[in-house]
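Participant: Have a look at this fold, sequence not included:
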């Protein structure tokens with residue numbers, strides 16, 4: 001799938017796919033440090049993108065997947081993350097480490 005800028009879109013999910021994140025991420029106040037790809041209770045594949053702060057519902061946001069890519073292009077490195085897995089890193093300069101969610 002191509003994006004509007006003629007770049008290959010590496011995700012299996014469309015750019016307009018809704019994802020869960022926080023205001024800290026979308027405001028660029030904190031870098032993305034944890035990503036998960038799971039199946040929700042309705043059987044849909046869902047993505048979550050979080051910073052190192054504990055998740056609080058008051059900060060939750062639902063945004064498009066391409067919004068997350070525009071916030072932090074390093075998430076392109078985990079575009080092939082399998083369902084049921086997560087990825088984390090210790091800093092934005094470190095590589096993503098993939099692991100199976102429990």
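Facilitator: Everything's here; your move. Being a predicted model, the structure only gives us computed values, none of them experimental.
Participant: so where do the helices sit in the chain?
Facilitator: 23-26, 65-71 (DSSP state H).
Participant: quick one: which of those helices is nearest residue 59?
Facilitator: Proximity to residue 59, assessed across the helices of the chain by Cβ to Cβ, is greatest for helix 23-26 (4.8 Å). Just so you know, the C-beta spots here come from the backbone N, C-alpha and C atoms, and that holds for glycine as well.
Participant: what comes up buried for that closest one?
Facilitator: 24-26 (16 or more other Cβ atoms under 10 Å).
Participant: Take the helices of the chain and write them to TSV, including mean pLDDT and distance to residue 55.
Facilitator: Formatted as TSV, the helices of the chain follow (pLDDT from 0 to 100; distance: least, Cβ to Cβ, whole Å):
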stretch	mean pLDDT	distance to residue 55
helix 23-26	95	10
helix 65-71	96	15
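Participant: Who are the contact partners of the residue most central in space within the chain?
Facilitator: Nearest residue to the geometric centre of the chain (Cα atoms, centre = their mean): residue 49, 3.7 Å. Under the criterion of Cβ atoms under 8 Å, 6 or more residues apart in numbering, the neighbours of residue 49 are 19-21, 25, 32, 34-35, 68, 72, 75.
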